[in-house]
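Novice: Okay, here's the prediction I keep looking at, along with the sequence it came from:
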Amino acid sequence: GENVEQHPSTLSVQEGDSAVIKCTYSDSASNYFPWYKQELGKRPQLIIDIRSNVGEKKDQRIAVTLNKTAKHFSLHITETQPEDSAVYFCAASIGGSNYKLTFGKGTLLTVNP
Amino acid sequence: GAGVSQSPSNKVTEKGKDVELRCDPISGHTALYWYRQRLGQGLEFLIYFQGNSAPDKSGLPSDRFSAERTGESVSTLTIQRTQQEDSAVYLCASRPKAAGELFFGEGSRLTVL
């Protein structure tokens, strides 16, 4: 089955700096890569996703890049703010109408004011 | 309701007892997932239901774990003869057929004494 590795497990940055979280996946057939944000005590929520037919996607301060050849994808957060502090999970799946989403172990991001 | 509803929100039980966790997905969502999240850990896949297809049970950790779903509605996750290592938050998520985003419930926190 699919295996997703995520690094780093913890990340601390100063407000205004950028943060980068990286993930690798094992199954070359995977073609859907979402990122979820989980604030303390809350449910995970989708913040951005990318499909394998594109290499980069941006949404305001958040961007995701995908390298299919190397089987890795990354989340980039620019101009970080304290409210960005949360656990971020990457995931991968083989798409279509019937798929199982495999998550990484998460990255605890702390943005220091 | 507007979102995925899970009950109970908290459950404390004694080792060896059986527990049943319930998930009400968003109406019309054909896919339903159960994940386990141990304290400070990632999202561990348990089981996946998609419409009337046979469920993907590949993530269930032992035969003490089982899950059912009636059509495209309510799902129950049952853990028999609970052990202390079963203590975790059990998250349910649902997804529309043609979309990628998973909508998570608030989770059921299980504590086995």
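Specialist: Cool, the structure landed. All figures in this text were calculated on a predicted structure; none of them were measured in a lab.

Novice: where does chain B come near chain A, residue by residue?
Specialist: B:31, B:33, B:35, B:41-45, B:48, B:50, B:53, B:56, B:58, B:91, B:97-98, B:100-102, B:104-107 (Cβ under 8 Å from any Cβ of the partner chain). No exception for glycine: its C-beta is placed from N, CA and C like everyone else's.

Novice: does whatever residue of chain B ends up closest to chain A sit in a helix, a strand or a coil?
Specialist: For chain B and chain A, the shortest gap (Cβ to the nearest Cβ) falls at B:Gly42, measuring 3.7 Å. State at B:Gly42, reduced to three classes by DSSP: H, G, I helix; E, B strand; the rest coil: coil.

Novice: and the closest residue to A:Ser52 other than its chain neighbours, what is it in contact with?
Specialist: With sequence-adjacent residues excluded and distances taken as Cβ to Cβ, 6 or more residues apart in numbering or on different chains, A:Ser52 is closest to A:Asn31, at 3.9 Å. Residues near A:Asn31 by Cβ atoms under 8 Å, 6 or more residues apart in numbering or on different chains: A:51-53, A:93-95.

Novice: ok, now how distant is A:Asn31 from chain B?
Specialist: 11 Å (Cβ to the nearest Cβ, to the nearest Å).

Novice: Tell me how far stretch B:104-111 lies from the chain's centre.
Specialist: 8 Å (Cα atoms, centre = their mean, to the nearest Å).

Novice: Can you list the neighbours in contact with the helix or strand of chain B with the lowest mean pLDDT?
Specialist: Here the helix or strand of chain B ranked lowest by mean pLDDT, DSSP states H and E is strand B:44-50, holding a mean of 92. Contacts of strand B:44-50 with the rest of the structure, by Cβ under 8 Å, 6+ apart, involve A:97-98, A:100-103, B:30-38, B:55-61, B:65, B:67, B:69, B:75, B:77, B:90.

Novice: Please check these and keep the buried ones.
Specialist: With burial judged by 16 or more other Cβ atoms under 10 Å in any protein chain shown, the buried subset of the contacts of strand B:44-50 is A:100-103, B:30-37, B:55-56, B:59-60, B:65, B:67, B:69, B:75, B:77, B:90.
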